[in-house]
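Chemist: Predicted coordinates and the sequence they were generated for:
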Amino acid sequence: MNEPTLPAHPPAAPLPSRRAVLQAGSLVLLLGTQQIARGATILAVRVWPAPEYSRVTIESDGALVAKQFFVTTPPRLAVDIEGIDLSPELRELVAKVKPDDPNIAGIRVGQNAPGVVRLVVDLKQAAMPQVFTLPPVAAYQHRLVFDLYPAAPVDPLEALIAERLREAPAKPAPSPNPPLTAAAAANAAAARAPAAPEHDPLGDLIAQRSQRPGPPEPPPMVATAPPPPEPARPGNRATSTQTDRIIIVALDPGHGGEDPGAIGPAGTREKDVVLRVAHLLRDRINATTVGGNPMRAYLTRDGDYFVPLGTRVQKARRVQADLFVSIHADAFTTPAARGASVFALSQGGASSTAARWLANKENQADLVGGINVQSKDQHVQRALLDMSTTAQINDSLKLGTVLLGEIGGMAKLHKPRVEQAGFAVLKAPDIPSVLVETAFISNPEEEKRLRSSAYQEQLADALMRGITRYFAKNPPLARSRSV
């Protein structure tokens, strides 16, 4: 059978007419660039100010491509976002910067070129900016994030000292004195005689810090008279051995900033409730003494901003905390779950399926809050989280037991014992650490209680009683704090 004969060259297609070309061009103009090659749409913009760093978040329905450069004088970050046009949502960034933002002076935004929007973030001080993207997670779609860290990082210990200085009463200005009579002069001399100073361990810490650099000289080996007894202090008092130092309790309100935590049926956000409880507990701790020594609370976050899990542990270790209490409000897939729980770390498996599920959920906070996985600091922090000891876990179980007992006196418990699981935030190797789930915010009745000021006060009272009981049975080590 003969094969069909093919032409040497296929016939050329007819060229489009000028009329057809003009019609196609008109169609392009009518459709616009979004219909032809649609770029990402900006869904929301957010600014989270905090002393440690300020964050700018741009959320979009598609991944954004950005190029950034930093100018040191005056300090400002410029970011070019490609493939988008200036939108009302981006313009909102200008008004979202608060006057009291510690790091951002203002934001400027404009169309730098066709399809390129430029953002300029003017800064109040030298900074070390980080610009990174986050994939969709939880309720968020794609996010472009600018984290603006001060070039001189905020030191948690300095922050604790600054808080103490702010609370110190101001000394009255000296008034001019009239000439003294002989009797008055004698009385004045007696009044100037050395008196027993009120012992202030944090004041000693401030003095030590002001005398740096150089290690302190060892005291001379001479016999000295014992110091006079310390005057009585107001506030709560736990009976324990005198340790002659300040007792620091790190309070860790969960979530914050981009990470709202669990959200109740009525819209109550976990991050807000636990911060209020932490503030109430801080007031109680700061008014309490242990063995004659004052207690101080240190908050890993003191506002609505995100703190990575590893950073929370790092902060507690920096201030050499004696205890670490992470405060949360639980949630479950059904509204029937209820009751408070206390958790400690487990080096092995979780004590229950529910504990494992909850630990996995809480450990995802960094994904929702958003961390720069390329940062070297994050790798260091993750390495530190693998150093927990059996002694730390045993002490954590003791602390958890007394806290659970006190909470059980004012609220329903989910489980009658301290549970254990691999919570990343409890992995400080040298600090007894517990995580308190104050209630199930997913339960409508418990959500209502969590919103109640009276219930928040009761929770803070119960936690304070538990901390006091723990120190009564387990006095803190008599150590001097290195700074």
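Modeler: Looks like it arrived, so ask away.
Chemist: which stretches of the stretch 351-483 of the chain form helices?
Modeler: For the stretch 351-483 of the chain, the helices defined by DSSP state H, counting those that start in this stretch cover 353-362, 365-369, 376-384, 390-408, 444-450, 453-473.
Chemist: Please convert those to CSV, extending it with mean pLDDT, distance to Leu148 and mean neighbour count.
Modeler: (Each C-beta comes from the backbone N, C-alpha and C, glycine too.) Formatted as CSV, the helices of the stretch 351-483 of the chain follow (pLDDT from 0 to 100; distance: least, CB to CB, whole Å; neighbours: other CB atoms under 10 Å):
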stretch, mean pLDDT, distance to Leu148, mean neighbour count
helix 353-362, 78, 27, 18
helix 365-369, 85, 16, 20
helix 376-384, 51, 15, 14
helix 390-408, 95, 35, 19
helix 444-450, 97, 33, 18
helix 453-473, 97, 33, 20
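Chemist: So for Gly267, which of those sits nearest?
Modeler: Evaluated over the helices of the stretch 351-483 of the chain, closeness to Gly267 peaks at helix 444-450, with 9.1 Å, by CB to CB.
Chemist: Would you mind pulling up the elements that that closest one packs against?
Modeler: Packing partners of helix 444-450 (3 or more CB pairs under 8 Å, 6 or more residues apart in numbering; DSSP states H and E): strand 433-440.
Chemist: Direction included, what does the strand it packs on pair up with?
Modeler: When pairing is defined by DSSP bridges, strand 433-440 lines up against strand 323-330 (parallel), strand 341-345 (antiparallel).
Chemist: what number of residues lie near Thr389?
Modeler: Thr389: 13 surrounding residues under other CB atoms under 10 Å.
Chemist: do the same with Ala336
Modeler: Around Ala336 there are 9 residues (other CB under 10 Å).
Chemist: Would you quantify the distance from it to Thr353?
Modeler: With distances taken as CB to CB, to the nearest Å, Ala336 is found 17 Å from Thr353.
Chemist: Of the helices of the stretch 351-483 of the chain, give the one that comes closest to Ile81.
Modeler: helix 365-369 (22.2 Å).
Chemist: one step back: of the helices of the stretch 351-483 of the chain, which approaches Ala151 most closely?
Modeler: Proximity of the helices of the stretch 351-483 of the chain to Ala151 was assessed by CB to CB; the nearest stretch is helix 376-384, lying at 14.6 Å.
Chemist: what would the strands paired with strand 433-440 look like in TSV with distance to Leu367?
Modeler: Formatted as TSV, the entries for those read as follows, by distance: least, CB to CB, whole Å:
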stretch	distance to Leu367
strand 323-330	17
strand 341-345	20
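Chemist: I'd like to know which of these is closest to Thr438.
Modeler: From the strands paired with strand 433-440, taking CB to CB, the stretch that ends up closest is strand 323-330, at 5.3 Å.
Chemist: and the strands paired with strand 433-440 as a markdown table, adding mean pLDDT, mean neighbour count and distance to Ala126?
Modeler: Formatted as a markdown table, the strands paired with strand 433-440 follow (pLDDT from 0 to 100; neighbours: other CB atoms under 10 Å; distance: least, CB to CB, whole Å):
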| stretch | mean pLDDT | mean neighbour count | distance to Ala126 |
| --- | --- | --- | --- |
| strand 323-330 | 96 | 27 | 32 |
| strand 341-345 | 95 | 26 | 38 |
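Chemist: re the thing from before, how about the helices of the stretch 351-483 of the chain, which one is nearest His279?
Modeler: Nearest to His279, of all the helices of the stretch 351-483 of the chain, is helix 453-473, at 8.6 Å by CB to CB.
Chemist: helices or strands next to that closest one in the packing?
Modeler: strand 236-238, helix 270-286, strand 288-290, strand 323-330, helix 390-408.
Chemist: And the helix or strand just after the first one, what's buried?
Modeler: When you say that, I think you mean strand 236-238. Using DSSP states H and E, the helix or strand that directly follows strand 236-238 along the chain is strand 247-253. Of the residues in strand 247-253, 247-253 count as buried by neighbour count, 16 or more other CB atoms under 10 Å.
Chemist: can you give me the mean pLDDT across strand 247-253?
Modeler: Throughout strand 247-253, pLDDT has a mean value of 97.
Chemist: Identify the residues contacting it?
Modeler: Contacts to strand 247-253, defined as CB atoms under 8 Å, 6 or more residues apart in numbering, come from residues 160, 271, 274-275, 277-278, 281-282, 285, 290, 293-301, 312, 315-316, 319-327, 425, 431, 467, 471, 476.
Chemist: Which residue is the nearest non-sequential neighbour of Ser346?
Modeler: Once flanking residues are discounted, Ser346 sits nearest to Gln420: 3.6 Å by CB to CB, 6 or more residues apart in numbering.
Chemist: Asp272 now?
Modeler: Closest to Asp272 by CB to CB, 6+ apart is Asp304, at 7.7 Å.
Chemist: from memory that neighbour sits against Gly256, does it?
Modeler: Yes. Assessed by CB atoms under 8 Å, Asp304 is found in contact with Gly256 at 5.8 Å.
Chemist: Is it possible to get JSON lines of the helices of the stretch 351-483 of the chain that adds distance to Asp80?
Modeler: Shown next, in JSON lines, are the helices of the stretch 351-483 of the chain (distance: least, CB to CB, whole Å):
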{"stretch": "helix 353-362", "distance to Asp80": "37"}
{"stretch": "helix 365-369", "distance to Asp80": "26"}
{"stretch": "helix 376-384", "distance to Asp80": "26"}
{"stretch": "helix 390-408", "distance to Asp80": "48"}
{"stretch": "helix 444-450", "distance to Asp80": "44"}
{"stretch": "helix 453-473", "distance to Asp80": "46"}
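Chemist: And stretch 421-440, end to end?
Modeler: End-to-end span of stretch 421-440 (CA to CA, to the nearest Å): 18 Å.
Chemist: where does this structure have its least confident helix or strand?
Modeler: Each helix and strand of the chain was given a mean pLDDT (mean pLDDT, DSSP states H and E); the minimum falls on helix 18-36 at a mean of 41.
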